[in-house]
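> just coords:
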């Protein structure tokens, strides 16, 4: 990998890991969400209005990707649809909101934070159903450490090679040519010799 690309990827990955850590902390004190609401549609005989929502939410240390449908049943037939448009929404809900209960644990995968779920509720004037999947936030956090670990490994390997007289990039033996690697052409700076003790 390019000598300059890995540090950039590692820096971006560290920033991503910090963002995931902040979201993880916030997810235990409320829910952040981003969702898209479809255009409303009328039901049979104009007796209902339905909306479809697709979104993601960060809740209880999980990233949940979901699709839901909400239907409202007014007491009288609707003459026309309300003025509305398909739109994206973002927001935050506090603790204890509808749908914030922990997901059921039925397997070892559920204990690790992976889940699929279906929820819903029905009343005399509305019905809501939602199905989705949940992914634990520790997964993207671990994945984001890949490039920083590679960079740390590269730095340790280069220091080890330099300390033992090898080219820090390709590992070529530099005892015969200590200032320039004949294999890859890298200029190698040798540490200054220690001065006499006072």
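Great, that's in hand. Everything quoted here is computed from the prediction, not taken from an experiment.
> low-confidence ranges in this protein?
The model of the chain has pLDDT under 70 over residues 1-2, 81-82, 84, 189-198.
> Compute the number of surrounding residues for residue 66.
20 (other C-beta atoms under 10 Å). Heads up, the C-betas are built off the backbone N, CA and C, glycines and all.
> How about residue 101?
11.
> secondary structure class for it?
coil (DSSP: H, G, I helix; E, B strand; the rest coil).
> Now do it against residue 117, distance only.
As for residue 101, its distance to residue 117 is 10 Å (criterion: C-beta to C-beta, to the nearest Å).
> where do the helices sit along the chain?
5-27, 108-112, 138-144, 146-163 (DSSP state H).
> Quick one: closest of the ones you listed to residue 64.
helix 5-27 (10.0 Å; C-beta to C-beta).
> what does that closest one contact?
Applying C-beta atoms under 8 Å, 6 or more residues apart in numbering, the contact partners of helix 5-27 are 32, 58-62, 137-138, 140-141, 144-148, 150-151, 154.
> let's see 7 Å
Outside helix 5-27, the residues that touch it by C-beta atoms under 7 Å, 6 or more residues apart in numbering are 32, 58-61, 137, 140-141, 144-148, 150-151, 154.
> In contact with the spatially closest residue to residue 167 that is not a sequence neighbour, which residues?
Excluding its sequence neighbours, the residue lying closest to residue 167 (C-beta to C-beta, 6 or more residues apart in numbering) is residue 181, at 4.0 Å. The neighbours of residue 181, taking C-beta under 7 Å, 6+ apart as the test, are 167, 170, 172, 174, 188.
> can you give me the strands in this protein?
Here the chain has its strands, by DSSP state E, at 31-37, 41-42, 49-59, 62-72, 87-93, 115-122, 126-136.
> wait, what's in contact with the most centrally placed residue in the chain?
Centroid check for the chain by C-alpha atoms, centre = their mean gives residue 140 as the closest residue, at 5.0 Å. Counting by C-beta under 7 Å, 6+ apart, residue 140 touches residue 20.
> Go ahead and build a PyMOL selection from the buried members of the contacts of residue 181.
Burial among the contacts of residue 181 is assessed by 16 or more other C-beta atoms under 10 Å; the matching PyMOL selection reads:
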select buried, resi 167+172+174+188
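> now the contacts of residue 181 as a markdown table including distance to residue 10?
Formatted as a markdown table, these follow (distance: C-beta to C-beta, whole Å):
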| residue | distance to residue 10 |
| --- | --- |
| 167 | 22 |
| 170 | 21 |
| 172 | 25 |
| 174 | 27 |
| 188 | 23 |
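> Go through the contacts of residue 181 and say which is closest to residue 108.
Of all the contacts of residue 181, residue 170 has the smallest distance to residue 108: 44.6 Å, by C-beta to C-beta.
> Next, the contact list for the closest one, please.
By C-beta under 7 Å, 6+ apart, the contact list for residue 170 reads 181, 183-184.
> Same question for residue 62.
By C-beta under 7 Å, 6+ apart, the residues touching residue 62 are 113, 134-137.
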